[in-house]
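> Make a model of this:
(2 chains)
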2 protein chains.
Amino acid sequence: MKLSQLGEFGLIDLIRKQLKVDSRVIRGIGDDTAVLPYSKDKYLLLTTDMLAEDIHFTRRMSAVDVGHKALACNISDIAAMGGEPTFAVVSLAVPSDLPTSYVSDLYQGMQKVASQFGVSIVGGDTIKSDKITINVALLGEVKRKHLVTRDGACPGDWIFVTGALGGSLKSHKHLRFTPCVEQARFLVKNFKPSAMMDISDGLAGDLNHILKASGVGAELWNDEIPKTQGCSVRQALSDGEDFELLFTLSEKKVKKLLVWQEKNKQWYFYPIGVITGNKKQLVPGKGYIHF
Amino acid sequence: MKLSQLGEFGLIDLIRKQLKVDSRVIRGIGDDTAVLPYSKDKYLLLTTDMLAEDIHFTRRMSAVDVGHKALACNISDIAAMGGEPTFAVVSLAVPSDLPTSYVSDLYQGMQKVASQFGVSIVGGDTIKSDKITINVALLGEVKRKHLVTRDGACPGDWIFVTGALGGSLKSHKHLRFTPCVEQARFLVKNFKPSAMMDISDGLAGDLNHILKASGVGAELWNDEIPKTQGCSVRQALSDGEDFELLFTLSEKKVKKLLVWQEKNKQWYFYPIGVITGNKKQLVPGKGYIHF
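Predicted coordinates for the structure are as follows:
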């Protein structure tokens, strides 16, 4: 059997089956980051993302942007758990005939977003290859009381997103997005969502991850989904790489949040639907499938 | 200018120049792992290694062995700091036509060495690509008093290695080595080396890293260098991927160690030379150059 027949989630299941469960681990595979023991009131977060030339980016795109994306998509994962990013290591596979300026630009892009969010790049590995591959592994930390996972959504909770969805490839948002660290920090401190993740594979696919993990269903208010200018609902549901936050909030907190955002114009959180008790009520449409 | 003209260490310097120094970081780029703040008496260690098909391994090699190597070379880095490995994340780039059994075998190899050394694989990323690339990022921890870096070698210290060097490609040791975690733990608890690292690029190149970091020179006793059967001194100095430990020890502790290993046959530490005050006295011969 080939990996193409198994599909992305089949592959992840296959990998999970090979791995031993460890009681020290608070969360392993299956959330935005791993959650690990740290101190009495904090957890460590650990995540990794790999970008490959001609799959996630092309040589014609700005290397500064590619560097930005390589680190920012990891920062977005830490944010989605309610955490703060701290230290990163970067592995880089590069062809020997690559101009040195490409590597400078790549690290310039990474360092800029690193500085913006308090991340230090503390090590890495460099190897030779035919095409460029960049892997970032990022540590973070979160107060135990601020941790938000994917499995806490309850019937009656409202569903929110932080910004417009769809068309991220055309708009270059997939390369230049700002990870929603501040919004996530604000939310976990003031409203503590019941579930949260970042939208990397598209709203439909990613919301279904929350629904499955939480054992619930959802009704989406399609007219309320914020769409990038020129995008259809279908694109907003499926395009992916928006790196906005998707979260659920209990009805009681929804009222507080709506009152807050009447008065404050700092951010806007878009209510787009409600969690139901019907487990079979998944969101129609699929997210981006990697295989 | 192309990367090939810059060379591996030129590339690392180029990267280092793009990165901001952070006072929280105890050690950044330039040792076996990064050393990060953790608790009153412990540091966190973080390291990463990338393996690429047709550079570090071929499709004909056993996937179990490749998986073993991908994690074991990171475990070796944690050991070289005196630490204990804890949690790993694995990124995997794979062609869609790869048999699923290859991935099972790869993770079987990783899980086996993970279990042996108390490591949990807690997450990762899977992407599509033309060739296989595996990146492992590994966390570890070390008591502050047990941390050993590369820059503490002093004139008069003896130089030791833990095992035979050279020919690791032919013997398949480069794929099947056991990382020297136990030897390193024993050493830091009982003899606290003044400097330590693992031999990945060859004794000559790696010893020169210790010499440069410590601002010292060395005399090697070529006849004393333990060689893999059938290997010349030149091969022992240059072949690389032995993943033995290389460490330096003050004269006072050398006597204690030699007495200890007269009586105990658990391990043998080979004395191979002495550190000198002459900074220009580098080791002739080069390690493996990646570009």
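
> What residue in chain A comes nearest to chain B?
Nearest to chain B in chain A, going by CB to the nearest CB, is A:Ala137, at a distance of 3.2 Å. From N, CA and C alone the C-beta is placed, and that goes for glycine too.

> so what strands line up beside the helix or strand where that residue lies?
Secondary structure from DSSP states H and E places A:Ala137 in strand A:133-143. The strands beside strand A:133-143 in its sheet (DSSP bridges) come out as strand A:42-52 (antiparallel), strand A:84-94 (antiparallel).

> The first one: what's the following helix or strand?
So that's strand A:42-52. Taking DSSP H and E, what comes next after strand A:42-52 is helix A:63-80.

> other SSEs contacting that next one?
If contacts are counted by 3 or more CB pairs under 8 Å, 6 or more residues apart in numbering or on different chains; DSSP states H and E, helix A:63-80 sits against strand A:42-52, strand A:84-94, helix A:100-116, strand A:133-143, helix A:173-176, helix A:181-190, strand A:195-198.

> quick check: angle from the first one to helix A:63-80?
If I follow you right, that is strand A:42-52. Computed by axes from the mean of the first three to the mean of the last three CA atoms, to 10 degrees, the angle separating strand A:42-52 from helix A:63-80 equals 150 degrees.

> on that earlier part again, could you tell me the least trusted of the helices and strands packed on helix A:63-80?
Comparing mean pLDDT over the helices and strands packed on helix A:63-80, the weakest stretch is helix A:173-176, at a mean of 94.

> Dig out what the residue of chain A closest to chain B forms beta bridges with.
For A:Ala137, the beta-bridge partners under DSSP bridges are A:Thr48, A:Val89.

> got the buried residues for stretch A:108-128?
Neighbour-count burial for stretch A:108-128 flags A:108-111, A:113-114, A:117, A:119-128 (criterion: 16 or more other CB atoms under 10 Å in any protein chain shown).

> so which of those residues also contact chain B?
A:108, A:110-111, A:114, A:120-128 (CB under 8 Å from any CB of the partner chain).

> Would you enumerate the residues in contact with the residue nearest to A:Ser4 when sequence neighbours are not counted?
Counting by CB to CB, 6 or more residues apart in numbering or on different chains, B:Ser96 is the residue found nearest to A:Ser4 once chain neighbours are left out, at 3.8 Å. For B:Ser96, the contact set (CB atoms under 8 Å, 6 or more residues apart in numbering or on different chains) comprises A:Lys2, A:Leu3, A:Ser4, A:Phe291, B:Lys128.

> B:Ser96 should be in a helix, yeah?
No. Going by DSSP: H, G, I helix; E, B strand; the rest coil, the assignment for B:Ser96 is coil, not a helix.

> Okay, domains of chain A per the record?
A:3-145, A:148-276 (automatic domain parsing).

> Tell me the pLDDT of the residue nearest to A:Ser4.
94.

> how close does it sit to A:Glu8?
10 Å (CB to CB, to the nearest Å).

> do the same with A:Gly277
28 Å.

> And the two? Which one has more around it.
A:Glu8 (17 against 11; other CB atoms under 10 Å in any protein chain shown).

> helix/strand/coil for that one?
A:Glu8 ends up helix, using three-state DSSP.

> Is it correct that it is in contact with B:Thr126?
Yes. If you go by CB atoms under 8 Å, A:Glu8 and B:Thr126 touch, sitting 6.7 Å apart.

> tell me which parts of the stretch 101-250 of chain A are close to chain B?
The stretch 101-250 of chain A comes close to chain B at residues A:101, A:103-104, A:107-108, A:110-111, A:114-115, A:120-131, A:133, A:135, A:137, A:139, as judged by CB under 8 Å from any CB.

> Which residues are in contact with A:Arg144?
Counting by CB under 8 Å, 6+ apart, A:Arg144 has contacts A:Asp41, A:Lys42, A:Tyr43.

> For the last one, name its beta-bridge partners.
As for beta bridges, A:Tyr43 partners with A:Pro37, A:Val142 under DSSP bridges.

> With A:Leu282 as the reference, measure out to it.
30 Å.

> now do the first one
With distances taken as CB to CB, A:Asp41 is found 36 Å from A:Leu282.

> Settle it for me: which of those two has more neighbours?
More crowded of A:Asp41 and A:Leu282, by other CB under 10 Å: A:Leu282, with 14 against 9.

> and the spatially closest residue to the more buried one that is not a sequence neighbour, helix, strand or coil?
For A:Leu282, ignoring the flanking residues on the chain, the nearest one in space by CB to CB, 6+ apart is A:Asn208 at 5.2 Å. Put simply, A:Asn208 is helix when judged by three-state DSSP.

> Would you check that A:Gly273 makes contact with A:Glu224?
Yes. Taking contacts as CB under 8 Å, A:Gly273 lies within contact range of A:Glu224: 7.4 Å.

> Look at the two and report which has more neighbours.
When A:Gly273 and A:Glu224 are compared for neighbours, A:Gly273 comes out ahead with 21 against 13, by other CB under 10 Å.

> so the more buried one is in which element?
Here A:Gly273 sits within strand A:270-276, counting by DSSP H and E.

> Starting from that strand, tell me which strands it pairs with and how they run.
Strand A:270-276 has these strand partners (DSSP bridges): strand A:158-161 (antiparallel), strand A:217-220 (antiparallel).

> CA atoms of stretch A:249-269 as CSV?
Extracted in CSV, the C-alpha atoms of stretch A:249-269 (Å, rounded to 0.1, in the frame of the first residue of the first chain):
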residue,chain,number,x,y,z
LEU,A,249,-16.9,30.2,23.9
SER,A,250,-19.7,29.4,26.4
GLU,A,251,-22.9,31.4,26.0
LYS,A,252,-22.3,33.2,29.2
LYS,A,253,-18.9,34.4,28.1
VAL,A,254,-20.2,35.2,24.6
LYS,A,255,-22.3,38.0,26.1
LYS,A,256,-19.3,39.5,27.9
LEU,A,257,-17.2,39.3,24.7
LEU,A,258,-19.9,41.0,22.6
VAL,A,259,-20.2,43.8,25.2
TRP,A,260,-16.5,44.2,25.3
GLN,A,261,-16.1,44.4,21.5
GLU,A,262,-19.0,47.0,21.3
LYS,A,263,-16.8,49.3,23.3
ASN,A,264,-13.3,48.3,22.2
LYS,A,265,-12.1,48.5,18.6
GLN,A,266,-8.8,46.8,19.2
TRP,A,267,-9.8,43.5,17.6
TYR,A,268,-13.0,42.0,16.2
PHE,A,269,-14.0,38.4,16.9
